[in-house]
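S.K.: Here is a sequence together with a model predicted from it:
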Amino acid sequence: MARRKLTGLHILLTGASSGIGRELAIQLIEQGADIIAVARRADRLQQLADTIQRPEQFTYLVADVTNPADRQRAIAECQQRWGGLDVLINNAGSGAIGPFSTADEARLRRVMEVNFFAPVELTRLALPLLRRGTQPIIVNVSSVLAHRGVPQKTEYCASKFALHGFSDALRAELAKDKIDVLLVSPSTTATEFFDKVEGDLQKPHGRFGARSAAYVASAAIRALRAGRHEVILSTGGRLLVWLDRLCPPLADRLVAWWG
Ligand SMILES: NC(=O)c1ccc[n+]([C@@H]2O[C@H](COP(=O)([O-])OP(=O)(O)OC[C@H]3O[C@@H](n4cnc5c(N)ncnc54)[C@H](OP(=O)(O)O)[C@@H]3O)[C@@H](O)[C@H]2O)c1
């Protein structure tokens, strides 16, 4: 895929009220893109609107991505403002932590709703608009844990593995339509994510060596511009994925010890 210029591109971005999504919005607007941002917290979206240097390039929608009517509203907004869509960024996500045996089905379904069904169904709705877009692309913000499962995060890993599989399959399916799919896999990132994670965070888990949201957003945007299909955003993450491919039993022992 050819390199992509961001100036004037029309982008629908979910999960823009904090963390990686907020940074993506700020940096994409600085680079000339137009954004419709989606999240549930109106006050945070308004704060972001107040921060942004070029307000004419930014609008937001208070919406829950797990709600089908809200997803329809987001797509209708793109249709009304732009008549098409160049980039869909499925970034909204949430996590759960703790043993599988003591968790329940309701928690698994909540995580899957946000991290898998919502981006998949928003993608389905967005396809007609993307077909009218310029160098159209779907960006799915996933995780290193979409490549290698770890203990105590079964629901989260399952949801991100599902998004990974969906992304690979869809990329191949949409190649003939020239709609691209980029899977972005951050490692631990310093955001509110761990404050909101469901379950019992027994130790200050996983924040060691965390990257900033600004770093992750800027690496994701580089991958988007370069037309890459997949990017793992830390050396530790890349090493873990390679170890898992080369010697799965050793990777199993490592993550069991670490977890
Ligand atoms: N932080 C990490 O260590 C890390 C590592 C790897 C991957 N990731 C992934 O990166 C993405 C962004 O996470 P983050 O670290 O930036 O966490 P964050 O600061 O908690 O941001 C999550 C965003 O998702 C939005 N969101 C959650 N549920 C939503 C819903 N039902 N409808 C609409 N928006 C919703 C939140 O907004 P509202 O609450 O306002 O709705 C917020 O804007 C997620 O997909 C996450 O899985 C994070």
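M.R.: Everything's here; your move.
S.K.: Closest to the centroid, which residue in the chain?
M.R.: By C-alpha atoms, centre = their mean, the chain has its centre lying nearest to residue 141, at 2.2 Å.
S.K.: Spatially nearest residue to that one, not counting backbone neighbours?
M.R.: residue 91 (4.2 Å; C-beta to C-beta, 6 or more residues apart in numbering). (Each C-beta comes from the backbone N, C-alpha and C, glycine too.)
S.K.: who touches that neighbour in this structure?
M.R.: Going by C-beta atoms under 8 Å, 6 or more residues apart in numbering, residue 91 touches 13, 14, 15, 16, 20, 21, 24, 139, 141.
S.K.: Give me the subset of these that also touch the ligand.
M.R.: 14, 15, 16, 20, 21, 141 (C-beta under 6 Å from any ligand atom).
S.K.: what stretches of this structure score poorly on pLDDT?
M.R.: Within the chain, the segments meeting pLDDT under 70 span 1-2, 201-208.
S.K.: near the ligand, which residues of it show up?
M.R.: 14-21, 38-41, 44, 64-66, 91-94, 114, 141, 143, 186, 188-189, 191-193, 196, 213.
S.K.: List of residues touching the strand or helix carrying residue 140?
M.R.: Using DSSP states H and E, residue 140 maps to strand 137-141. With C-beta under 8 Å, 6+ apart as the test, strand 137-141 has contacts from 4, 15, 20-21, 86-91, 93, 119, 123, 126, 130, 163, 166-167, 170, 179-184, 186, 220, 224.
S.K.: Which elements pack onto the host helix or strand of residue 124?
M.R.: Element membership for residue 124, per DSSP H and E: helix 118-130. For helix 118-130, the elements it packs on are strand 10-14, helix 68-82, strand 87-90, strand 137-141, helix 154-174, judged by 3 or more C-beta pairs under 8 Å, 6 or more residues apart in numbering; DSSP states H and E.
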